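Q: 3D, please:
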Amino acid sequence: MKGFGKYVIFLGSLFVRRESFSTYYKLVLEECMQIGVKSAFLFILVSTFIGAVTTVQTAFNMVNPLIPRFVISQVVREMTILELAPTVMALIYAGKIGSSMAGGLGTMRITEQIDALEVMGVNSSSYLVLPKIIASMMMYPMLVIISGVCSMVGGYLVGTFAQLLTPTEFISGIRFEFNPTEISVALVKSFVFAFLISSISSFKGYFTKGGALEVGIATTEAVTTSVIAILLADYFIVDLIL
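A: Take a look at the predicted model:
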């Protein structure tokens, strides 16, 4: 509980003695480039293969001839929107972006760059962390949308080229009994996960003590804690909304 209280106080400190809007605007744009643009290829690659593998495995397990083939793409749609795009990709996001945030801030802490900002009268937590959280909450939902589209495209390509089902059957399954609430759930998850990963990783890195070894430990703790927070939040969001 002591660590959680320190985390809450840390979040509160982000909104004290803030810098000018133009300063945050530039910092957020830089973070968006680091977080979103440079992660897009990895998300596209992973989500496309996840969609392809999900299609093949679903088709392999559907041995009952009475089940229509379009159910394959319906299963891919449900898995992609509700879990694969927001949750599974969040674990990858925590490993790539979360570790980068924790490592970067941890290095700044042990090299006394954060202390130098404080000496100059700058609120270092707000200046360094708030743009990361804002950029993360802006870019991760976009990455989730891209992942969802790429996952279904990957399933479509594999399903049709491997003749598991026809293009018409795949599209029919995607559209069959679609519930728009699922999109809302995925977007809510993406915003919550983006906040948790960026804030927890920044918190772990910001309060790093020691040397290079401790930076590595803080980075590992950031990813581990973020993954646990993602899984817990995933359960509560689904339980509350669906």
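Q: strands of this structure, residue ranges please.
A: Counting by DSSP state E, the chain forms no strands at all.
Q: any regions of this protein where pLDDT drops low?
A: Applying pLDDT under 70 to the chain picks out residues 1, 63, 242.
Q: okay, which residue is most central for it?
A: In the chain, the centroid-proximal residue (Cα atoms, centre = their mean) is Ala90; its distance is 3.3 Å.
Q: pretty sure that residue sits against Ala229.
A: No - judged on Cβ atoms under 8 Å, Ala90 makes no contact with Ala229 at a distance of 9.8 Å. Bear in mind the C-beta positions are built from the backbone N, C-alpha and C, glycine included.
Q: joint contacts of the two?
A: The contact sets of Ala90 and Ala229 overlap at Ile197 (Cβ atoms under 8 Å, 6 or more residues apart in numbering).
Q: on that earlier part again, what's the distance between the closest residue to the residue nearest to the centre of the chain other than its chain neighbours and Ala85?
A: Excluding its sequence neighbours, the residue lying closest to Ala90 (Cβ to Cβ, 6 or more residues apart in numbering) is Phe193, at 4.2 Å. Phe193 is 11 Å from Ala85, where distance means Cβ to Cβ, to the nearest Å.
Q: contacts only, for the residue nearest to Phe195 when sequence neighbours are not counted.
A: With Cβ to Cβ, 6+ apart as the criterion, Phe195 has its nearest non-adjacent residue at 5.8 Å, and that residue is Met137. Neighbour list for Met137: Phe191, Ala194, Phe195, Ser198 [criterion: Cβ under 8 Å, 6+ apart].
Q: number of nearby residues for the last one?
A: So the one you mean is Ser198. 28 (other Cβ atoms under 10 Å).
Q: wait, it sits on Met101?
A: Yes - in this structure Ser198 lies within contact range of Met101 using Cβ under 8 Å: 6.4 Å.
Q: got the contact list for Asn64?
A: Residues near Asn64 by Cβ under 8 Å, 6+ apart: none.
Q: and the top helix by length along the chain, what's buried?
A: The helix that spans the most residues within the chain, counting by DSSP state H, is helix 124-161. For helix 124-161, a neighbour-count test (16 or more other Cβ atoms under 10 Å) marks 124-141, 143-152, 154-156, 158-160 as buried.
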